[in-house]
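Peer 1: The sequence and its predicted three-dimensional model are supplied below.
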Amino acid sequence: MGSLRPLIDKLKEERALTHDEYVRMFTERNPEDSEYMRSLAQETAVANYGHDIYLRGLIEFTNYCRNDCLYCGIRRSNSKAERYRLTTEEILDCCDTGYGFGLKTFVLQGGEDMTYTDDDICTLVRAIREKHPDCAVTLSIGERSRESYEAYYEAGADRYLLRHETSSPEHYAKLHPAELSIENRKRCLRDLKDIGFQIGAGFMVGSPYQTYDYLAEDFEYLRELDPHMIGIGPFIHHKDTPFADFPDGSYEETLYCLAMLRLMFPRVLLPATTALGTIDPLGREEGIRHGANVIMPSLSPKDVRKKYLLYDGKICTGEEAAECHACLEGRISRIGYQAVSSRGDHAGWKRR
């Protein structure tokens, strides 16, 4: 087994590998080459973004969901989940709190809760933009029609996050109920990008039944899609799902994937996710050292944070927003970076 450095250098220069080369990156992974790639990824992130880390205020406004994804704690079949919906006033209060911290992006995330009509979502987006016109609004509310996405964009939403989870139809079918398909998920992402959104996709690392061939397909799909943001994190089980007894994804492999993605997409917005911080206390800091440049602190009211549990052990569920924000700024500073207040749009995006 030889060094992976030639492949790592190729990834940095050409921003893509062949399918078999992606597989080799995992089957022949070793500490020395991993550190080499990490250092290149960190250098690439700093060359493009300096030592700035963009903070996004996350508002988890509903944990109702019409879907029954096998890995998710808020799946519709989980009768133990304590459901909630935030009111418009509560959501706007969260935005006001975040704005007071200097946050310029609000991420409205929820299950696919169809109680919120398109008109409701558009009214909410307009209300946020009217109150905070210098801020970006990101939606993360799942699969909708193209017409719905167009309405959200016209209302003023700038970004849309929709992780594809796995690009393999075979693997997708093992993680989701029969009524969901990777084909429709990809259709949604195509529509969103075509409409003009800054789009975010991404996958789980170490999800049940995942193989290195499936992971290679994920990298190939992201190269084709060329999203503005890529969110990945380790699979973490939830005790009240069919995958309760499956092992969690690998922390080291998730960091490795982050570094690969930074080399492939030098300008992409790449979060160090909460899941990464859940699986290891220093996960988000290490994510930054592997090329990440976005963190999403929660602005959700303290009394609902423990109810929005996609997986077990989620961090920061017992803190007030002010505590969470101050803690993150301090941790970012201690590793030589700085939290910044700008919207942090992707450099290649302009609103149409």
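Peer 2: Noted; the coordinates are in hand.
Peer 1: CA atoms for contacts and neighbours, from now on please.
Peer 2: Fine.
Peer 1: And Gly100, how far from Glu28?
Peer 2: Per CA to CA, to the nearest Å, Gly100 is found 48 Å from Glu28.
Peer 1: same deal with Asp245?
Peer 2: From Asp245 across to Glu28, the span is 28 Å (CA to CA).
Peer 1: again with Ala339
Peer 2: From Ala339 over to Glu28 (counting by CA to CA), the distance is 36 Å.
Peer 1: again, but for Val340
Peer 2: Val340 sits 38 Å away from Glu28 when distances are taken as CA to CA.
Peer 1: Compare those two (neighbour count), which wins?
Peer 2: Val340 (17 against 12; other CA atoms under 10 Å).
Peer 1: The more buried one and Thr105, how far apart?
Peer 2: Distance from Val340 to Thr105, counting by CA to CA: 11 Å.
Peer 1: Please apply the same query to Tyr311.
Peer 2: For Tyr311 relative to Thr105 (CA to CA), the value is 25 Å.
Peer 1: what about Ile199, which SS state?
Peer 2: Of the three states, Ile199 takes strand under DSSP: H, G, I helix; E, B strand; the rest coil.
Peer 1: Output the below-cut-off pLDDT ranges for this structure.
Peer 2: In the predicted model of the chain, residues 1 satisfy pLDDT under 70.
Peer 1: For the chain, just list every one of the strands.
Peer 2: Per DSSP state E, the chain carries strands over the ranges 52-55, 57-62, 105-110, 136-140, 159-161, 198-201, 204-205, 229-230, 233-234, 294-295, 338-340.
Peer 1: So which other helices or strands are in contact with the first one?
Peer 2: Applying 3 or more CA pairs under 8 Å, 6 or more residues apart in numbering; DSSP states H and E, we find strand 52-55 packed against strand 294-295, strand 338-340.
Peer 1: Give the buried residues for that strand.
Peer 2: For strand 52-55, burial by neighbour count (16 or more other CA atoms under 10 Å) applies to 52-55.
Peer 1: now those residues in CSV, with distance to Gly110?
Peer 2: Below are the buried residues of strand 52-55 laid out as CSV (distance: CA to CA, whole Å):
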residue, distance to Gly110
Asp52, 28
Ile53, 24
Tyr54, 21
Leu55, 19
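Peer 1: for Asp118, what are its contacts?
Peer 2: Going by CA atoms under 8 Å, 6 or more residues apart in numbering, Asp118 touches 148, 151-152.
Peer 1: which residues touch the residue nearest the centre of the chain?
Peer 2: For the chain, the residue nearest the mean C-alpha position is Gly231 (3.1 Å; CA atoms, centre = their mean). Listed by CA under 8 Å, 6+ apart, the contact set of Gly231 reads 163, 200-203, 270-273.
Peer 1: sorry, back to before: so between Tyr311 and Thr105, which is more surrounded?
Peer 2: Thr105 (28 against 20).
Peer 1: quick revisit: now, of the helices and strands packed on strand 52-55, which is deepest in the fold?
Peer 2: Ranked by average neighbour count under the criterion mean count of other CA atoms under 10 Å, those are headed by strand 294-295 at a mean of 24.
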